[in-house]
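Peer 1: Would you be able to build a 3D model of this:
(2 chains)
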Amino acid sequence: MSASTTGGRVATPLTWRVARLAERRIETPTAQTLVLDVPGWPGHLPGQHVDVRLTAADGYQAARSYSLAAPAEDDRIALTVQRVPDGEVSPYLTEVYARGDPVEVRGPVGGWFVWRTDETTPVLLVAGGSGVVPLMAMVRARRAAGSRAPFRLIYSVRGPADVFYADELRRRARDDPGLDVAYLYTRQAPEGWPGEPHRIGPADVTAHGWPPDQEPLCYVCGPTGFVETVADLLVGLGHPTGRVKTERFGPTG
Amino acid sequence: MPEGEGRPVGGWYDRRVGIVSPGFQGRPRSAEPALPPGQYLVEDWPVLSAGPTPKVPLDTWEFVLTTETGAEYRWSWDELMGLPQETPTVDIHCVTRWSKLGTSWQGVSLDTLLDGVDTTARYALAHSYGGYTTNLPLSDLRGGRAWVAHTYDGGPLPAEHGGPARLLVPHLYFWKSAKWVRGVRLLVDDQPGFWETAGYHDYGDPWREQRYQGD
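Peer 2: Numbers count the residues shown, from 1 in each chain, chains lettered A, B, ... in the order given. Below is the predicted model:
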């Protein structure tokens, strides 16, 4: 990790680095994971994000923030980009950007919405839609570090086709000891799903989360309404506000 | 605090850079408003905060100015409402890269609140219900550039946007405009706040693009 994100007061400037597309994975019809080679990448904590900057031939630039989806593997980082139909950056990244092409990245950024692999307390992750990205980085970092911190992920999606990392999550729920994954469907539930599609409520958080006396760390990421609802639910159930970390994850053009 | 949302309509130019992403064209260059570097325009108002939204009842709400000697100046909600009110219309710029232009507020100028406060402090640390803090030079709270704002667009400021009252310091990145503000401590020595401790810039001038430490 870089000096500027340790919580220390080291004023190391974050520099723009050239990143080239190494691999593209299709997550859903509208979301892709981009694996980038970034020579000199300083490493990062799960939950952190990165600024991506595009420059056109005439010097025009546009930049957006994206959450890092996985721990770095040497100089290789992964972002998951949801295509915003009217966007400026995400359509380029998902439709035009080709293997070997450069963009610039700057980071890692954000020292609050992070999980540290030496934490042993139970963790509740609550994801709404594409808000799963930084939470998946935590799930993957836990696996990579061999952590036994008990993890529970509640993942709310519109329907089964909207699940990011579907195969890997199925595998990890099966193979990673101490990781539980629960899905909630807001519009269309899969065949054989018990119950009707619904928005997340207190019963879901009670059934799939941790009781407050376990003193879990709670991470909530998703659209604003989702985050407001879940954070209020958790506080209402007795979780201290300081144990509930939130990140709003709206569409980023 | 990443991921703004909304409809970007502008970018910016930097002809010093040579890394071109092949095939990237960006938005049409015509209708670009004057935005700080690296910002894009939104019409809606994204919500960004690090934890649950505090719910602060007005009958126990207070705003406290604490000087470097420990002297305290307190205002209840009714007392704040009894002070001279101002109605700034300002542009706001979030470090997550969205900007919103021409926002309309009502509130009490920090000049009014600091009037008669005996201090030689050079720094201020705003603190909020919920525990949030942010630091800025005291001089940036003076000169008609900072308010305790309680009304947005003619209505009470919604809780998710910092109501009942937030600091409004629009010439700095918007994380300096502490939501759910409870008071300001005046300090002889600068003391970093919540995001400043997590890698964000101490001052945060959007026109100099001071996003992160070292910028």
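
Peer 1: how about the residues of the stretch 101-250 of chain A near chain B?
Peer 2: Selection of the stretch 101-250 of chain A residues close to chain B by CB under 8 Å from any CB of the partner chain yields A:101-104, A:109-113, A:224, A:228, A:231-232, A:234-235, A:241-242, A:244-250. All C-beta atoms are positioned from the backbone trio N, CA, C, and that covers glycine.

Peer 1: Put the buried members of those residues into a ChimeraX selection.
Peer 2: To isolate the buried subset of these in ChimeraX, counting by 16 or more other CB atoms under 10 Å in any protein chain shown, use the following:
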select /A:101,102,103,104,109,110,111,112,113,224,228,231,234,235,244,245,246,247,248,249,250
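
Peer 1: first vs last residue of stretch A:151-171, how far apart are they?
Peer 2: This stretch, stretch A:151-171, spans 15 Å end to end (CA to CA, to the nearest Å).

Peer 1: Now do the contacts for B:Trp175.
Peer 2: Residues near B:Trp175 by CB atoms under 8 Å, 6 or more residues apart in numbering or on different chains: B:Met1, B:Cys94, B:Val95, B:Thr134, B:Trp195, B:Tyr200, B:Gly204.

Peer 1: rerun at 6 Å
Peer 2: B:Val95, B:Trp195 (CB atoms under 6 Å, 6 or more residues apart in numbering or on different chains).

Peer 1: Look up phi and psi at it.
Peer 2: phi -70, psi -20 (degrees, to the nearest 10).

Peer 1: now, which of the residues of the stretch 101-250 of chain A next to chain B lie within helices?
Peer 2: A:Thr224, A:Glu228, A:Ala231, A:Asp232, A:Leu234, A:Val235 (DSSP state H).

Peer 1: hang on, the earlier thing: quick one: mark the members of the residues of the stretch 101-250 of chain A next to chain B that sit in strands.
Peer 2: A:Pro102, A:Val103, A:Glu104, A:Val109, A:Val244, A:Lys245, A:Thr246, A:Glu247, A:Arg248 (DSSP state E).

Peer 1: helix/strand/coil for the nearest residue to A:Gly242 once chain neighbours are set aside?
Peer 2: Leaving aside its sequence neighbours, A:Gly242 sits nearest to B:Gly131 (CB to CB, 6 or more residues apart in numbering or on different chains; 6.8 Å). Assigned by DSSP: H, G, I helix; E, B strand; the rest coil, the conformation of B:Gly131 is coil.

Peer 1: Please apply the same query to B:Gly51.
Peer 2: Per three-state DSSP, B:Gly51 ends up coil.

Peer 1: For it, give me its contacts.
Peer 2: A:Thr241, A:Val244, A:Thr246.

Peer 1: and the gap between it and B:Tyr129?
Peer 2: Counting by CB to CB, to the nearest Å, the gap from B:Gly51 to B:Tyr129 is 11 Å.

Peer 1: hmm, back to that, just curious, which of the ones in strands among the residues of the stretch 101-250 of chain A next to chain B is nearest to B:Gln210?
Peer 2: A:Val109 (13.7 Å; CB to CB).

Peer 1: wait, the closest one sits on A:Val52?
Peer 2: No: A:Val109 is not in contact with A:Val52 according to CB atoms under 6 Å; the separation is 11.2 Å.

Peer 1: hey, where'd the strands end up in the stretch 151-253 of chain A?
Peer 2: Secondary structure of the stretch 151-253 of chain A (DSSP state E, counting those that start in this stretch): strands located at A:151-157, A:179-185, A:217-222, A:244-248.

Peer 1: Can you check what angle separates the second one from strand A:151-157?
Peer 2: For strand A:179-185 against strand A:151-157, the angle by axes from the mean of the first three to the mean of the last three CA atoms, to 10 degrees is 20 degrees.

Peer 1: what's around the residue nearest to A:Gly242, how many residues?
Peer 2: B:Gly131 has 14 neighbouring residues, counting by other CB atoms under 10 Å in any protein chain shown.
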